[in-house]
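Asker: Have a look; sequence and predicted model below, questions after that.
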Amino acid sequence: MKDRLVTELSTELESFRQAGTMKEFHGLQSPQDALARMAGHGEVLILSSNNYLGLSNHPQVVEAGIDALRRYGAGTGSVRFICGTFEIHGELEHALAEWVGVEAALSFVSCWTANEGLIPTIAGEGALILSDELNHASIIDACRLVKAKRMTYRHGDAKDLREKLRANAGVGRKIVITDGVFSMEGDLAPLPDLVEVCQKEEAVLVMDDSHGTGVLGKTGRGTAEHFNLLGQVDVITSTLGKALGGAAGGFVAGPKALIGYLEQKSRTQLFTNALPPTVAGSAREALRQLQAHPEWVCELQEKTRWFRQELRQAGFAPLDGESAIVPVIVGDTARAIRFSREMLKRGIFVTGFGYPVVPEGKARIRIQISAAHTREQLARAVRALAELRAMA
Ligand SMILES: Cc1ncc(COP(=O)(O)O)c(C=O)c1O
């Protein structure tokens, strides 16, 4: 049986190779930053990281991780309710809740497990969950675990959402879930419309703000702050693995009763270890740094606007948006992968995304801007892309 499995998987892997769609893994030999040393490529400009504020190698963020490791050791060796919770978890959760403007928060080892720990737990039998059709894979998979009725609504379409909610008016608990920033398109959820529809139709609104946290709003509080709607989204999930230090971890933030309920019932809380104290310590410090330096968020927003403009001037048509994700459509999957390979030869690391992550024919280079980038570095990227445009 094992031999058969190996043969089948090897054949499939070979077909990825033949089609030019095989993902490549690159070894980094220095910390993640605007520039990093990559095995076989030397120093490369990183344009594919979610290290939006450049905090993953910030000296105080690193130091806070070391300090937490010294103070608490590697971990409890079990689940929080069985083996205890470190103070750093409580501190981090308290700070996160205050920052996003809700009563309480609960950390998880990733935003993936935060979504998976939240959605099936609150969408039990008899409920209805409505999810934007372009939501992140973690939400799609979490929705697959629900016993409730589940449906998608058209991407960013509050009208379609309202119609579907009205058609299910008899359902007791209605839950709507959306990304704040859509990770492949870089566009934002139409939050003002979603808030209005959910309030009118008495649905709970959940927003995963993984790509909005630290990026959007005047002070980086995310998509809700961007739309002047702080405190109006019922439940927020987000990651600590992007702007907030870039290590790992995620959280759910919302009313105290929800967090209390998740502590009792969420499977990805009750049956898995807590966030390592090292990571909790670094994330806590990353948040402190962000709160002390809201100007970094402005810098990031300005650099992204400027980069989009430079791309347009060079003849590209990046997808519109206000996030730090700038997708440039290049055609089919193999072309996107070839594009990123050629960029790497020029010392620039950008990832090509193709089918099945995005529809065939809409494969893209996804460029992600960080406050750590200089304009010179960004201009270099535009020049390299322009050079490659003629490539078949
Ligand atoms: C919208 C969204 N949600 C969740 C995740 C998963 O985050 P994590 O790496 O913390 O599991 C991602 C990561 O790519 C994301 O983009």
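Answerer: Alright, I've got the coordinates.

Asker: how about the strands in the stretch 1-150 of the chain?
Answerer: 35-38, 42-46, 104-108, 128-132, 149-153 (DSSP state E, counting those that start in this stretch).

Asker: What is the shortest one packed up against?
Answerer: To tie it back to what came earlier, the one meant is strand 35-38. If you count contacts as 3 or more C-beta pairs under 8 Å, 6 or more residues apart in numbering; DSSP states H and E, strand 35-38 packs onto strand 42-46. From N, CA and C alone the C-beta is placed, and that goes for glycine too.

Asker: Kindly format the C-alpha coordinates of the strand it packs on as CSV.
Answerer: Extracted in CSV, the C-alpha atoms of strand 42-46 (Å, rounded to 0.1, in the frame of the first residue of the first chain):
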residue,chain,number,x,y,z
GLY,A,42,22.9,36.3,-1.9
GLU,A,43,21.1,39.4,-0.7
VAL,A,44,17.6,39.8,-2.1
LEU,A,45,14.9,42.4,-1.8
ILE,A,46,11.9,40.8,-0.2
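
Asker: ok, and what's touching it?
Answerer: Taking contacts as C-beta atoms under 8 Å, 6 or more residues apart in numbering, the residues outside strand 42-46 that touch it are 32-38, 344, 347-349, 370, 373, 377, 380-381.

Asker: run the last query once more with 6 Å
Answerer: Under the contact criterion C-beta atoms under 6 Å, 6 or more residues apart in numbering, strand 42-46 has outside partners Leu35, Ala36, Arg37, Met38, Gly347, Ile348, Phe349, Gln377.

Asker: For the ligand, state which of the residues you listed is nearest.
Answerer: Phe349 (16.9 Å; C-beta to the nearest ligand atom).

Asker: ok so, going back, and the contacts of strand 42-46, which of them are buried?
Answerer: Leu35, Ala36, Met38, Gly347, Ile348, Phe349, Gln377 (16 or more other C-beta atoms under 10 Å).

Asker: a markdown table for the contacts of strand 42-46, including pLDDT and distance to the ligand?
Answerer: Output for these, formatted as a markdown table (pLDDT from 0 to 100; distance: C-beta to the nearest ligand atom, whole Å):
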| residue | pLDDT | distance to the ligand |
| --- | --- | --- |
| Leu35 | 98 | 23 |
| Ala36 | 98 | 19 |
| Arg37 | 98 | 23 |
| Met38 | 97 | 21 |
| Gly347 | 97 | 25 |
| Ile348 | 97 | 21 |
| Phe349 | 97 | 17 |
| Gln377 | 98 | 23 |
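
Asker: For Thr219, grab phi and psi.
Answerer: phi -120, psi 20 (degrees, to the nearest 10).

Asker: quick one, what contacts it?
Answerer: Neighbouring residues of Thr219 by C-beta under 6 Å, 6+ apart: Pro294.

Asker: what pLDDT does it get?
Answerer: Per-residue pLDDT puts Thr219 at 98.

Asker: Tell me the spacing between it and Ala283.
Answerer: 17 Å (C-beta to C-beta, to the nearest Å).

Asker: again with Leu270
Answerer: Leu270 is 22 Å from Ala283, where distance means C-beta to C-beta.
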